[in-house]
Every structure is written in structure tokens, then in C-alpha cells.
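K.L.:
Quick one, what's the 3D model for this:
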Amino acid sequence: MGNNCSSKSVPVQKNTNESQWAMAPDSNPDELKNFSTGKFFENQGEYWKAIESYNLATKINPQSSMSHSGLGNCYLKQGDYPRSVDAYKKALSADPNNKFACNGLASAYACILRKDDAI
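P.N.:
Below you'll find the model as predicted:
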């Protein structure tokens, strides 16, 4: 298809600074544990394991913007653009200021050639 969106070239922001992914101080400990496990697996490139952990976090807190954003990253890296768009939209619904989700959504739209929505 020539859209330059292979799993290795998807422009998702690398999350090297974990403090940027800080959860609210009143987060449920189980939610935080699952989110942290998801970040670990995502950073290791083990996206299916990360998705499992992020899904557990969103079951505990369906409004977890960061967990939905993590799901979006994993789906995007796997080339599952419709799911990544859905996850990023849920993240932005929970927190419209989530820059990771905003950037990820733009990347997902670019990968599915919805350039007008990516801007």
C-alpha cells in the first residue's frame, strides 16, 4: 500500500521518561500495577502481553487515559489501525490534554491515509 507504516516505522513517541506517564496519586494499586506491567512489555516490544495488562488496567478504571493510550501504541505498532484509533479516542475522551494520545491518533490516521484528520 506504500503508506510507510510498517511496525518499525510507525512514528509513536518512545516513552523513555516514565515520569511523563505518571498516574493520578489516587490511582487504584491494581490499576497502577497493570499499567506499569503494560509499559514494561510495551518497551520490550511484547505488544500482546502489554495489551493484556493495559486491558486489565482499563477494566479496573475505564477512564484511564494513559492505559488507553498505551493500548493505542501497541495496536499501532502491530498495524491494527482501527483499534489504535479507538483506543486513542478513548484516551482523549478521558483526558483531552493527553499529548501521547493526540500524537498517536495523528499517527494512526496518517497510517490509514486520513491525512485531514491527522492534522
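K.L.:
CA only for contacts and neighbour counts going forward, please
P.N.:
Will do.
K.L.:
mind listing the helices for the chain?
P.N.:
For the chain, helices defined by DSSP state H occupy the ranges 29-44, 47-60, 65-78, 81-94, 99-111, 115-118.
K.L.:
which of the ones you listed sits most buried?
P.N.:
Using mean count of other C-alpha atoms under 10 Å, the stretch among these with the largest mean neighbour count is helix 65-78, at a mean of 28.
K.L.:
contacting residues around that helix?
P.N.:
Contacts with helix 65-78, where a contact means C-alpha atoms under 8 Å, 6 or more residues apart in numbering, come from 6-8, 10, 12, 21, 23, 35, 38-39, 42, 47-48, 50-51, 54-55, 57-58, 81, 83-88, 90-95, 98, 100-101, 104-105, 108.
K.L.:
where in this structure is pLDDT low?
P.N.:
1-26, 114-119 (pLDDT under 70).
K.L.:
ok, for residue 51, nearest residue in space, not its chain neighbours?
P.N.:
Excluding its sequence neighbours, the residue lying closest to residue 51 (C-alpha to C-alpha, 6 or more residues apart in numbering) is residue 71, at 5.8 Å.
K.L.:
Surely residue 102 is in contact with residue 90?
P.N.:
No - with contact defined as C-alpha atoms under 8 Å, residue 102 does not reach residue 90; the gap is 10.9 Å.
K.L.:
so what sits against both of the two?
P.N.:
Joint contacts of residue 102 and residue 90 (C-alpha under 8 Å, 6+ apart) do not exist.
K.L.:
so what's residue 63 up against?
P.N.:
Listed by C-alpha under 8 Å, 6+ apart, the contact set of residue 63 reads 90-91, 94.
K.L.:
Include distance to residue 113 when you put those residues into TSV, please.
P.N.:
What follows is the contacts of residue 63, written out as TSV (distance: C-alpha to C-alpha, whole Å):
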residue	distance to residue 113
90	21
91	21
94	26
